[in-house]
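S.K.: only geometry, no sequence info:
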């Protein structure tokens, strides 16, 4: 997957009816600027209000995912979100002239086909990723629901569904890096059990539902009077039941129902607003569990509970040792504050500093309570940033990096003798004219000690 944000090369439009409202709707997905995210714009309302597709805005998950902002809603967004996000669209403005997206054939096939045919355009901004660093679990034990997120270098999903149904049985579905979403997942349709239909009708839902946009699972024999009622509801005089499905349905694959649950999960996970690097195992997932899990994950990110993305192993040779660092940076002891670099690429770097009682600053800061000065932690993060920038220069010894701005500096814990500081620096936008904007974090173990957003300029040294 590209590390750059992407949007559509051109607008694409869809027309149909809403599954629950039955209202005719036209929906146009427009390209959008980097950093926009995916947002809905209600063109049928005064002022054309914007509703961001984020988990914080989820207000209903009864039979689909509904988002609301400023008192305005859009219903059943999971299929278009699944297609856009999984196929690589980071930014889009979706114009919609009704309160619900079109259900199409009950799958995301038409969405995926149009996105694939239109194509994507790279944008001049980096994608944001959440790197899972520890196992996370969400469960609803009484319903047999479990979603588990494991650390991994890439995003993958495994889904298991078991509804104690003799028709469906146990079904599994997977989505792995490199899988063709448009072919494998997007054609799989939504489904409902026959015994759920009447309550949904009584709740004034599924007004746009019919046997062409949903799979109806039939567990038990159906009396003639109930079959007659169904014929009137769906306006179909030839309704039949065969092999456990209404109207002699032919499945598109033998695990279509599990694949549709996976499709829904992908759409709901997109509401995190950042891409996940981790492995998902889900049992009987649904919109409520999916979106609640994303809300919890977002809270974890906001609280700064994020753990280091990279794992330092002192047994492995460093990428850059102290001699390499001395060749790249002009700093010298006692102001050289990075001991090793163990990860470095074009947009991130990770290094360490072993803090010992021999540090000269401990003599006066403080004699009876030695604490590493916060300004030196910031300086150490800046030196790591310089290494990342200069690693892409053929003659780094001829350049220096200079602070231009520091924002959002926060100190979370004291750094004392015996601690090992781990620095992680991530480029926030492409380097332009020698100016780098980075997010910097310093950890002690798995605890965040300091964070800041820094801007620096790379300048060639005067001879």
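M.R.: It's in. Predicted model only: the values in this text are computed from it and were never measured.
S.K.: ramachandran angles for the residue nearest the centre of the chain?
M.R.: Taking CA atoms, centre = their mean, the centroid of the chain lies closest to residue 275, which sits 2.9 Å from it. As for residue 275, its main-chain torsions (degrees, to the nearest 10) stand at phi -80, psi 150.
S.K.: ok, how many other residues are close to the closest residue in space to it that isn't next to it in sequence?
M.R.: Leaving aside its chain neighbours, residue 275 sits nearest to residue 129 (5.0 Å; criterion: CB to CB, 6 or more residues apart in numbering). Bear in mind the C-beta positions are built from the backbone N, C-alpha and C, glycine included. For residue 129, the neighbour count with other CB atoms under 10 Å is 16.
S.K.: check contacts around residue 129.
M.R.: Listed by CB atoms under 8 Å, 6 or more residues apart in numbering, the contact set of residue 129 reads 274, 275, 276, 277.
S.K.: how near is it to residue 276?
M.R.: Applying CB to CB, to the nearest Å, the value for residue 129 to residue 276 is 7 Å.
S.K.: show me the helices in the stretch 101-250 of the chain, by range?
M.R.: Using DSSP state H, counting those that start in this stretch, the helices found in the stretch 101-250 of the chain span residues 109-118, 181-184, 194-202, 224-234.
S.K.: now, of the ones you listed, which is deepest in the fold?
M.R.: The highest average neighbour count among the helices of the stretch 101-250 of the chain, using mean count of other CB atoms under 10 Å, belongs to helix 109-118 at a mean of 19.
S.K.: and that one, what does it pack onto?
M.R.: Packing partners of helix 109-118 (3 or more CB pairs under 8 Å, 6 or more residues apart in numbering; DSSP states H and E): strand 12-17, helix 78-86, helix 181-184.
S.K.: for these, which one sits closest to residue 350?
M.R.: The minimum distance between residue 350 and those falls on helix 78-86, with 27.8 Å, by CB to CB.
S.K.: sorry, back to before: between the contacts of residue 129, identify the one with the most neighbours.
M.R.: residue 276 (21 neighbours).
S.K.: now do the strands in the stretch 301-450 of the chain.
M.R.: Assigned by DSSP state E, counting those that start in this stretch, the strands in the stretch 301-450 of the chain fall at 340-344, 348-354, 399-411, 420-427, 435-444, 447-460.
S.K.: can you put those strands in JSON lines and add mean neighbour count?
M.R.: Below are these laid out as JSON lines (neighbours: other CB atoms under 10 Å):
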{"stretch": "strand 340-344", "mean neighbour count": "19"}
{"stretch": "strand 348-354", "mean neighbour count": "23"}
{"stretch": "strand 399-411", "mean neighbour count": "14"}
{"stretch": "strand 420-427", "mean neighbour count": "22"}
{"stretch": "strand 435-444", "mean neighbour count": "21"}
{"stretch": "strand 447-460", "mean neighbour count": "18"}
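S.K.: any low-confidence regions in the stretch 201-350 of the chain?
M.R.: For the stretch 201-350 of the chain, applying pLDDT under 70 flags the ranges 201-212, 231-236, 243, 247-248, 303-306.
S.K.: how about the helices of the stretch 101-250 of the chain in TSV, adding distance to residue 150?
M.R.: Below are these laid out as TSV (distance: least, CB to CB, whole Å):
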stretch	distance to residue 150
helix 109-118	27
helix 181-184	21
helix 194-202	32
helix 224-234	43
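S.K.: for residue 336, which of those helices is the nearest?
M.R.: Proximity to residue 336 (CB to CB) singles out helix 181-184 among those, at 48.2 Å.
S.K.: can you pull the contacts of residue 445?
M.R.: Residues in contact with residue 445 (CB under 8 Å, 6+ apart) are residue 420.
S.K.: change the start of the numbering to 364 and stick with it
M.R.: From this message on, residue numbering opens at 364, which makes the last subject residue 808.
S.K.: how near is it to residue 493?
M.R.: Residue 808 is 20 Å from residue 493, by CB to CB.
S.K.: one step back: turn the strands of the stretch 664-813 of the chain into a markdown table, columns for distance to residue 367.
M.R.: Formatted as a markdown table, the strands of the stretch 664-813 of the chain follow (distance: least, CB to CB, whole Å):
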| stretch | distance to residue 367 |
| --- | --- |
| strand 703-707 | 20 |
| strand 711-717 | 15 |
| strand 762-774 | 24 |
| strand 783-790 | 12 |
| strand 798-807 | 16 |
| strand 810-823 | 20 |
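S.K.: and of those strands, who's closest to residue 696?
M.R.: strand 711-717 (12.1 Å).
S.K.: the closest one: partners in the sheet, and parallel or antiparallel?
M.R.: Take DSSP bridges as the rule and strand 711-717 pairs in its sheet with strand 703-707 (antiparallel), strand 783-790 (antiparallel).
S.K.: same list, those strands, but as JSON lines with distance to residue 694 please.
M.R.: Shown next, in JSON lines, are these (distance: least, CB to CB, whole Å):
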{"stretch": "strand 703-707", "distance to residue 694": "14"}
{"stretch": "strand 783-790", "distance to residue 694": "14"}
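S.K.: picking up where we left off before, which one of the helices of the stretch 464-613 of the chain lies nearest to residue 399?
M.R.: helix 472-481 (16.5 Å).
S.K.: average pLDDT across that closest one?
M.R.: Mean per-residue pLDDT for helix 472-481: 98.
S.K.: cool, stretch 499-512 as well?
M.R.: On average, the pLDDT along stretch 499-512 is 96.
S.K.: that one: end-to-end distance?
M.R.: 5 Å (CA to CA, to the nearest Å).
S.K.: residue 373 is in contact with residue 455, isn't it?
M.R.: No: between residue 373 and residue 455 there is no contact, the gap being 11.6 Å when judged by CB atoms under 8 Å.
S.K.: now do the shared contacts for the two.
M.R.: residue 394.
S.K.: these two: who's more crowded?
M.R.: Neighbours were counted for residue 373 and for residue 455 using other CB under 10 Å; residue 455 has more, 26 against 11.
S.K.: the strand or helix carrying that one: partners in the sheet, and parallel or antiparallel?
M.R.: Counting by DSSP states H and E, the element that carries residue 455 is strand 455-459. Using DSSP bridges, strand 455-459 pairs in its sheet with strand 387-394 (antiparallel), strand 401-405 (parallel).
S.K.: now it: mean pLDDT?
M.R.: Strand 455-459 carries an average pLDDT of 98.
S.K.: what's the answer for stretch 797-809, then?
M.R.: Mean predicted confidence for stretch 797-809 is 92.
S.K.: and what of stretch 757-776?
M.R.: Per-residue pLDDT over stretch 757-776 has a mean of 90.
S.K.: one more: stretch 399-413?
M.R.: pLDDT averaged over stretch 399-413 gives 97.
S.K.: so what's the closest residue in space to residue 809 that isn't next to it in sequence up against?
M.R.: Excluding the flanking residues, the one nearest residue 809 by CB to CB, 6+ apart is residue 670, at 4.7 Å. Each residue near residue 670 by CB under 8 Å, 6+ apart is listed here: 496, 497, 806, 809.
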